[in-house]
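1. got a structure for you, letters missing:
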């Protein structure tokens with residue numbers, strides 16, 4: 001059995017997320033149907049993880065298995081030619097038969113983007129909020145360090161999430177600010193549904209109120225979503241990279 005890995009970029013604006021769902025358009029379904037059309041067989045495209053409705057990806061990883069030996073250059077060209085303009089396969093490779101895009105992933109990185117001024121070129125891919133640029137980014141980075149390491153992120157995930165294990169190990173987290181764009185960056189072994197957007201909103205709320213690290217630790221320990229800040233809009237969030 002041949003196993004092929006894809007690196008995919010997509011604009012999530014018009015999709016109900018990555019994961020296949022009945023009655024709505026999803027990224028996984030669109031790509032899977034396109035592969036089936038090219039190979040003339042039913043394959044199962046497996047992603048490294050879900051992204052919610054409206055969330056984008058710079059480097060989503062996925063794999064599928066087939067008995068066929070594929071000419072990768074021709075396959076990728078054909079796939080991109082029939083995919084819509086908001087989805088692109090950036091690379092393809094044959095990989096070990098046992099590779100699984102989700103279960104073999106060691107680290108996943110997300111970026112959340114803010115813009116200072118209104119721009120038609122940033123509108124779909126960032127959260128236009130000029131007040132964010134007035135925050136103390138040194139203080140934001142100080143607060144963010146509280147989330148490093150293993151923690152139960154129940155308080156920062158969507159209610160009724162379909163996973164019992166809410167413990168995630170955060171390896172890297174920081175903020176950066178430029179003249180027109182600011183970014184939040186986080187890397188962890190796994191993420192819960194809605195976790196990144198809730199984390200960003202909670203950190204901004206804490207920084208605005210000049211709350212200290214003990215406030216965030218207490219929030220995590222309460223394991224109650226209502227204790228955390230609001231989730232920010234999906235359009236500013238990108239799945240940036242998956243590491244194996």
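-> Cool, the structure landed. The model shown is predicted, which means the values in this text are computed figures rather than measured ones.
2. so what touches the helix or strand bottoming out on mean pLDDT in the chain?
-> Least confident helix or strand, the chain: helix 213-222 with a mean of 94, by mean pLDDT, DSSP states H and E. Helix 213-222 is contacted from outside by 142-143, 145-147, 151-153, 155-156, 202-203, 206, 227-228, using C-beta atoms under 8 Å, 6 or more residues apart in numbering. (Each C-beta comes from the backbone N, C-alpha and C, glycine too.)
3. quick one: buried residues of that helix?
-> 215-216, 219-220 (16 or more other C-beta atoms under 10 Å).
4. tell me the buried residues in stretch 195-213?
-> By 16+ other C-beta under 10 Å, the buried positions in stretch 195-213 come out as 195-204, 206-207, 211.
5. need the contact list for residue 196.
-> Listed by C-beta under 8 Å, 6+ apart, the contact set of residue 196 reads 110, 112, 186, 237.
6. residue 90 sits in which helix or strand?
-> Using DSSP states H and E, the element containing residue 90 is strand 87-95.
7. so what would you say the end-to-end distance of stretch 172-185 is?
-> Stretch 172-185 has its terminal residues 8 Å apart, counting by C-alpha to C-alpha, to the nearest Å.
8. any idea how far that stretch is from the chain center?
-> Taking C-alpha atoms, centre = their mean, to the nearest Å, one finds stretch 172-185 lying 16 Å from the centre of the chain it belongs to.
9. buried stuff in it?
-> So, applying 16+ other C-beta under 10 Å, buried residues of stretch 172-185: 173, 175, 182-184.
10. nearest to residue 88, of those residues?
-> Each of these was scored against residue 88 by C-beta to C-beta, and residue 183 proved nearest at 21.9 Å.
11. of the contacts of helix 213-222, which belong to strands?
-> Among the contacts of helix 213-222, DSSP state E puts 151-152 in strands.
12. sec struct for residue 110, please.
-> Secondary structure for residue 110, judged by DSSP: H, G, I helix; E, B strand; the rest coil, is strand.
13. sec struct for the closest residue to it other than its chain neighbours, please.
-> The shortest distance from residue 110 to any non-neighbouring residue, by C-beta to C-beta, 6 or more residues apart in numbering, is to residue 196 (4.8 Å). Using three-state DSSP, the structure places residue 196 in helix.
14. on that earlier part again, which of the contacts of helix 213-222 count as buried?
-> Taking 16+ other C-beta under 10 Å as the criterion, what is buried in the contacts of helix 213-222 is 143, 146-147, 151, 153, 155-156, 202-203, 206, 227-228.
15. pLDDT check: weakest of these?
-> Lowest-confidence member of those: residue 227, scoring 88 (pLDDT).
16. the nearest residue to that one once chain neighbours are set aside and residue 152, how far apart?
-> Counting by C-beta to C-beta, 6+ apart, the nearest residue to residue 227 once its immediate chain neighbours are dropped is residue 219, at 5.0 Å. Distance of residue 219 to residue 152, computed by C-beta to C-beta, to the nearest Å: 11 Å.
17. same check, this time on residue 10
-> If you go by C-beta to C-beta, the gap between residue 10 and residue 152 works out to 31 Å.
18. thanks a lot, see you next time.
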